[in-house]
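**Q** Fold the stuff below for me.
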Amino acid sequence: MESLIIHTESKDYPVVIGYDVIHKLRDFLIESQFSKVLIITDTTLEKLHLSTLQKELIGIGIEVFVVPSGESAKTFEVFYQVQTYALQSHLDRNSVIVAFGGGAVGDMAGFVAATYMRGIPFIQVPTTILAHDSAVGGKVAINHELGKNMIGSFYQPEAVFYDMRFLETLPKQEVRSGFAEIIKHALISDKNFYHWLMNKTPAFSKLSNKHLENAITMGVKIKGNIVSKDEKETGIRAFLNFGHTLGHAIEAEMGYGKISHGEAVVIGMVFALQISQDIYELEFELDTFTTWLEGLGYTTKIPIGLSPSKLLVRMKGDKKAFSESVRFVLLKEIGNPGLKSLTDEYLLEKLNLFMEGERI
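**A** You can find the predicted model right below:
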């Protein structure tokens, strides 16, 4: 077990990572003396793990609201339903929301907490690998049909309790999705961590529990270090979007839920690495990287049927765009990212080459 402290301008809070750390949530709730506890979870977790959490919290008065699984939870309709339930349950400003689930649950529940009565406390209890990234840093949001996470806020949790035991029921696609964010953290920050990941993970079946815990802990440390310096993404926090500009465009164009977030980000990272080689002459063994990714079950090419011009429109509408120009996070070298604005003409040319399977 490891306990970290995330330092931000607005709040410092603990992140506890390890097996069976859910026991510590009960103590935290009792010590904090919250008036009411609302657990927000999804239909998948309701079947798999909700009873485990409820047993841990026997004697503490709790309410439970169940939302749809995945990105379907991050809609205006679900957001409104949860707000209505909170009002009907008489939550006050000393109440707390517990986000029990993956990244989508955490995003939506956190946004409910940020806006209910102008803000009440919330706690993240992530249950996916992907959520090691989203549970830390305070980005909370719901989706709009014109873009992912477009309606949201920066709102830090009171604490994060990351119990590795909940990861044991993850389907393979969710393991791949979450591990993509760990790869991202390594590429933007630490060459040694990147090579460690490759050596320790020739296949997900070879990844031991201890190595996964170490990888997640390292990812949280990297995320926490960046957020501590730039809480609201006015500078270096943008580097955490490596692979996300094209990745989010693919997700939106395919329809949320048709491809997992991490699998779309992997495609975005491969594209960004090729752009990095073209612009910054990045020295990087791309063939080795893509072979490793494909061996782990990732697709490294844009799905057939998507239009480069439509992907460009999606990227120009991304919240990270600046004056309608597309800004990409690129690598000058592993661990040394930078932001670069790219013209429409350049991107269209490179997207077409990438989709045709040619090296940029």
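**Q** which SSE is the nearest residue to Val64 once chain neighbours are set aside in?
**A** Using Cβ to Cβ, 6 or more residues apart in numbering and skipping the chain neighbours, the partner closest in space to Val64 is Ile39 (4.8 Å). (Each C-beta comes from the backbone N, C-alpha and C, glycine too.) Using DSSP states H and E, the element containing Ile39 is strand 37-42.
**Q** which non-adjacent residue is nearest the residue nearest to the spatial centre of the chain?
**A** Taking Cα atoms, centre = their mean as the criterion, Ser134 is the residue nearest the geometric centre of the chain, at 3.7 Å. Of all residues not flanking Ser134 in the chain, Gly103 sits nearest, at 3.9 Å (Cβ to Cβ, 6+ apart).
**Q** Kindly provide the distance from the one you found to His132.
**A** 9 Å (Cβ to Cβ, to the nearest Å).
**Q** Name the residues contacting each of these two.
**A** Listed contacts common to Gly103 and His132 are Pro126; contacts here mean Cβ atoms under 8 Å, 6 or more residues apart in numbering.
**Q** shaky segments in the stretch 101-250 of the chain?
**A** Within the stretch 101-250 of the chain, no range satisfies pLDDT under 70.
**Q** okay, now the domains of this protein?
**A** Following automatic domain parsing, one gets these domains for the chain: 2-169, 172-355.
**Q** what mean pLDDT does the host helix or strand of Thr290 have?
**A** Assigned by DSSP H and E, Thr290 falls within helix 286-295. Throughout helix 286-295, pLDDT has a mean value of 97.
**Q** Show me what counts as buried in it.
**A** For helix 286-295, burial by neighbour count (16 or more other Cβ atoms under 10 Å) applies to Phe289, Thr290, Trp292, Leu293.
**Q** Residues contacting it, please?
**A** Contacts of helix 286-295 (Cβ under 8 Å, 6+ apart): Met198, Pro202, Ala203, Val266, Val270, Leu273, Gln274, Gln277, Thr300.
**Q** ranges for the helices of the protein?
**A** Assigned by DSSP state H, the chain shows helices spanning 23-32, 43-48, 50-56, 76-88, 103-115, 131-134, 172-189, 191-200, 209-229, 244-254, 261-280, 286-295, 308-316, 344-355.
**Q** so can I have TSV of these showing distance to Gly147?
**A** As requested, the helices of the chain are arranged in TSV below (distance: least, Cβ to Cβ, whole Å):
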stretch	distance to Gly147
helix 23-32	33
helix 43-48	25
helix 50-56	31
helix 76-88	14
helix 103-115	14
helix 131-134	17
helix 172-189	20
helix 191-200	30
helix 209-229	22
helix 244-254	6
helix 261-280	14
helix 286-295	26
helix 308-316	8
helix 344-355	17
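**Q** out of those helices, nearest to Val160?
**A** Closest approach to Val160 among the helices of the chain (Cβ to Cβ): helix 209-229, 8.3 Å.
**Q** And Ala252, what's its pLDDT?
**A** On the pLDDT scale, Ala252 gets 89.
**Q** What of Ala321?
**A** The model's pLDDT for Ala321 equals 59.
**Q** Likewise for Met1?
**A** At Met1, the pLDDT value in this model is 88.
**Q** Surely the residue nearest to the centre of the chain and Val105 touch.
**A** No: using Cβ atoms under 8 Å, Ser134 is not in contact with Val105, being 9.6 Å away.
**Q** Mind listing the residues bridging to the nearest residue to Tyr85 once chain neighbours are set aside?
**A** Of all residues beyond its chain neighbours, the one nearest Tyr85 is Phe65 (5.0 Å), with distances taken as Cβ to Cβ, 6+ apart. Beta-bridge partners for Phe65, by DSSP bridges, are Ile40.
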